[in-house]
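1. Model the structure of this input:
(chains A and B)
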Amino acid sequence: MNENRFASAFLVPGGLWLLLLFVTPLVLLLALSFGYTDDLGEAIYSTRLDNYERLIDPAYLPVLFRSVGFALAAVVLCLLIGYPVAYYIAIFGGRWKNLLIVLVVLPFFVNYLIRTYAWIALLGDDGMVNGVLDSSVRFLNTPYAVVGGLVYGFLAFMILPIYASLDRMDPSLIEAGKDLYGGPWQTFRHVTLPHTMQGVLAGSVLVFLPAVGDFVSASLLGGPEEVMIGNLIQQQFQASDNWPFGAALTVAMMAFLMVLMVSYLRAAAREAKEATA
Amino acid sequence: MSTVESRPSAPARPAADARRAPGKPPKGFDRPRFLKLFVGVFFVLLFAPIALVVLFSFNSSRSLQDFQGFSLRWYETFFESESLRDSLIASLEIALLTMLIATVLGTMLAYGLVRARTRVSDSLNVLMLVPLVTPEIVAGASALLLFTQVKLDLSLTTIVLAHITFSISYVTVVVRARLVSLSREVEEASMDLGATPVETFRLVTLPALWPAVLAAGLLVFALSFDDFVLSFFTTGESPQPLPVRIWTQIRFGVRPTINAIGTFMLVISVLSIGLALLLPRLLGRRESGLKVLLGREGA
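-> As a prediction, this is how the structure comes out:
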């Protein structure tokens, strides 16, 4: 047996699986987004645009803007928190580097619901913080709580790529910046930041994508005023049982995210190709 | 002339320059005390909520505000509930099946992507990554739609099918990085010595891949065990996996049993991830489990 044909055969099961269980469902979803629900509540495939027209309905449009706004706020906060942490670990971590990165990653393997629930227990109206302070501050059911939940949920996706790009960077570049009498800020702005831009961009995309589609944080930490597109989608597929509209919401979200996904995937594929070559 | 030299303002500039001489860097540059404090606070805030969940899972009272003594009563409530026990078993079954099937499929895919030269390789290389960046709700909703269309009743099977789909990608990324770092010469030598491609794969390639394959398997186990969104969309009535049960309970309000379930799940996740990180060392290899898991070995 020829080696190339042997190796090609290995592509078949996984490739078919992704085609049948990942691509096909997405195509179905796209098709159903032009459909409607009949009087019996049954989803019917069709060629109508009603569902997409509903998206710009004043009842739904603010939700779409809010989702993007919350996700952007989460990205900015993750960057402001994540960069210094990644920087400290990569530059000053020394022999504790690996341990520190494991400590950063570990909490993200604790179930997302439990991590969100922990904040409810801490910040709820009768939670620990209000108990200790003997106060009744309303932390939850606010936009801040939802954005905070997103940050706590996806921060690792920001720290890891930034850490990786800092770790790859030659430390003598920072030395050079200092030798040229650059202050800490100048050295950071002209040397470190440009060298780690790839990590910053990758991290921002990796936080933004799941944050836009999230419904857990808004459901558990937010009130009715903080509904995001994920909540709408979830409602259409469950409580309200309007799958065609849910499909249109999902397709619209995917279309919006597509630019980011494609640019990220192209960068990742390029990196993989360079490694293979 | 002498009056000019004695002007008091003259030495001001050289002094400013002297402060910046090499060997005496500006303060705060090499010893970033602020940064250290920032990272310290970060770690405290990162772990505090989880630590409190663990602590209060042992609380003897219902209170979430003060710890009134050690007790295992919430664990008893958890394990005495037959439906919660069923959910735990269901979650473990799902994770185990997902791990086994996804590890095999993902490893095969990685091998094909690195070693085969076909026209589909390039598109598969990209397609394989798409599930990793697709918001889970999209994968969940579309999987639900597919299962309904083909009249597959929602059950543990549908959850496993949905989990495998995204798990394949994780395994492929991790194993592929390892494969890329292996030198081809060893495989070529094996073929030159008369081994068939099958024998070469079994006797040369696979043994070198084991640490990455096992690490990827454990990673996928942890991800599947913890997954909520995909399970939520594809679950049947009963038994439902633990995260779906937690969701329902949280929506009913904060309950101390959730602390116990959460702590128990945490132990299982951390064990499998810890094992994945330590595996390369346990197998006597001098490499970092972290790098294997991050799929960055070749880089």
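
2. Which pLDDT value goes with residue A:263?
-> pLDDT, residue A:263: 87.

3. can you pull the contacts of it?
-> Going by C-beta atoms under 8 Å, 6 or more residues apart in numbering or on different chains, residue A:263 touches residue A:205. (Glycine included, C-beta is placed from N, CA and C.)

4. Which element, helix or strand, includes it?
-> According to DSSP states H and E, residue A:263 maps onto helix A:243-276.

5. Then residue A:126?
-> According to DSSP H and E, residue A:126 maps onto no helix or strand at all.

6. count of residues packed around it?
-> Residue A:126 has 12 neighbours, counted by other C-beta atoms under 10 Å in any protein chain shown.

7. Point to the residue nearest the middle of chain A.
-> Note on chain A: the residue nearest the mean C-alpha position is residue A:210, at 2.8 Å, using C-alpha atoms, centre = their mean.

8. List the buried residues for the helix holding residue A:263?
-> A:243-254, A:257, A:260-261, A:264-265, A:268, A:272, A:275 (16 or more other C-beta atoms under 10 Å in any protein chain shown).

9. Now narrow the residues you listed to whatever sits close to chain B.
-> With C-beta under 8 Å from any C-beta of the partner chain as the criterion, the buried residues of helix A:243-276 include A:243, A:246-247, A:250, A:253-254, A:257, A:261, A:264-265, A:268, A:272, A:275 near chain B.

10. ok, back up a step: give me the pLDDT for the residue nearest to the centre of chain A.
-> 94.

11. who are the neighbours in contact with it?
-> Applying C-beta under 8 Å, 6+ apart, the residues near residue A:210 are A:153, A:154, A:157, B:135, B:136.

12. Just want the most central residue of chain B.
-> Mean-position check on chain B, C-alpha atoms, centre = their mean. Result residue B:219 at 5.7 Å.

13. burial of the residue lying closest to residue A:147 once chain neighbours are set aside, as a residue count?
-> Among residues not flanking residue A:147 along the chain, residue A:73 sits closest, at 4.8 Å (C-beta to C-beta, 6 or more residues apart in numbering or on different chains). Number of residues near residue A:73 (other C-beta under 10 Å) recorded here: 18.

14. One more: residue B:60?
-> 14.

15. distance of residue A:191 from chain B?
-> According to C-beta to the nearest C-beta, to the nearest Å, residue A:191 and chain B sit 13 Å apart.

16. That residue and residue A:182 touch, don't they?
-> Yes - with contacts counted by C-beta atoms under 8 Å, residue A:191 reaches residue A:182, the gap being 7.4 Å.

17. any chance you could read off phi and psi for residue B:236?
-> Residue B:236 adopts backbone torsions of phi -90, psi -160, taken as degrees, to the nearest 10.

18. Contacts only, for it.
-> Shown in contact with residue B:236 (C-beta under 8 Å, 6+ apart): B:153, B:154, B:155, B:156, B:158.

19. Please tell me how far the third one sits from chain A.
-> Using C-beta to the nearest C-beta, one gets 16 Å for the distance from residue B:155 to chain A.

20. Which parts of chain A are strands?
-> Secondary structure of chain A (DSSP state E): strands at A:36-37, A:43-44.

21. Tell me where the stretch 101-250 of chain A has helices.
-> Under the criterion DSSP state H, counting those that start in this stretch, the stretch 101-250 of chain A carries helices at the ranges A:112-123, A:128-133, A:143-168, A:172-179, A:184-187, A:193-195, A:197-212, A:216-221, A:229-237, A:243-276.

22. tell me, how many neighbours does the spatially closest residue to residue A:220 that is not a sequence neighbour end up with?
-> In this structure, residue A:220 finds its nearest non-sequential neighbour in residue A:116, 5.1 Å apart by C-beta to C-beta, 6+ apart. Neighbour count of residue A:116, defined by other C-beta under 10 Å: 24.

23. Residue A:63: how many residues sit nearby?
-> Residue A:63 has 18 nearby residues by other C-beta under 10 Å.

24. For it, which residues are in contact?
-> Residues counted as contacts of residue A:63 (C-beta under 8 Å, 6+ apart) are A:227, A:228, A:229, A:231, A:232.

25. is it true that the second one touches residue A:68?
-> Looking back up the chat, that one is residue A:228. No - assessed by C-beta under 8 Å, residue A:228 is found out of contact with residue A:68, at 9.4 Å.

26. Between these two, which contacts overlap?
-> Shared contacts of residue A:228 and residue A:68 (C-beta under 8 Å, 6+ apart): residue A:212.

27. Any stretches of chain A with poor pLDDT?
-> For chain A, applying pLDDT under 70 flags the ranges A:1, A:272-273, A:275-277.

28. Against residue A:84, how distant is residue B:39?
-> Residue B:39 sits 7 Å away from residue A:84, going by C-beta to C-beta, to the nearest Å.

29. Likewise for residue A:178?
-> Noted for residue A:178: a distance of 19 Å to residue A:84, by C-beta to C-beta.

30. buried set for stretch B:69-78?
-> B:74, B:75, B:78.

31. is chain A contacted by that stretch?
-> No - using C-beta under 8 Å from any C-beta, stretch B:69-78 never reaches chain A; the gap is at least 13.1 Å.

32. Now that stretch: average pLDDT?
-> Average pLDDT, stretch B:69-78: 91.

33. Show the end-to-end separation of it, please.
-> Stretch B:69-78 has its terminal residues 19 Å apart, counting by C-alpha to C-alpha, to the nearest Å.

34. Show residues contacting that stretch.
-> Contacts with stretch B:69-78, where a contact means C-beta under 8 Å, 6+ apart, come from B:57, B:58, B:59, B:60, B:61, B:84, B:256, B:257, B:259, B:260, B:261, B:264.

35. What's the separation between the second one and residue B:86?
-> The reference is to residue B:58. Applying C-beta to C-beta, the value for residue B:58 to residue B:86 is 24 Å.

36. So between the two, which is more surrounded?
-> Per other C-beta under 10 Å, whichever of residue B:58 and residue B:86 has more neighbours is residue B:58, with 18 against 15.

37. Okay, and the beta partners of the closest residue to that one other than its chain neighbours?
-> Counting by C-beta to C-beta, 6+ apart, residue B:58 lies nearest to residue B:70, which is 5.3 Å off, once chain neighbours are set aside. Beta bridges link residue B:70 to residue B:59 when assigned by DSSP bridges.

38. and residue B:39 and residue A:84? which has more neighbours close in?
-> Ranked by neighbour count (other C-beta under 10 Å), residue B:39 and residue A:84 place residue B:39 first, with 21 against 18.

39. Can you tell me the SS state at the more buried one?
-> helix (DSSP: H, G, I helix; E, B strand; the rest coil).

40. Any chance of a markdown table for the buried residues of stretch B:69-78, columns secondary structure and distance to residue B:223?
-> Listed next are those as a markdown table, based on DSSP: H, G, I helix; E, B strand; the rest coil; distance: C-beta to C-beta, whole Å:
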| residue | secondary structure | distance to residue B:223 |
| --- | --- | --- |
| B:74 | helix | 26 |
| B:75 | helix | 25 |
| B:78 | helix | 23 |
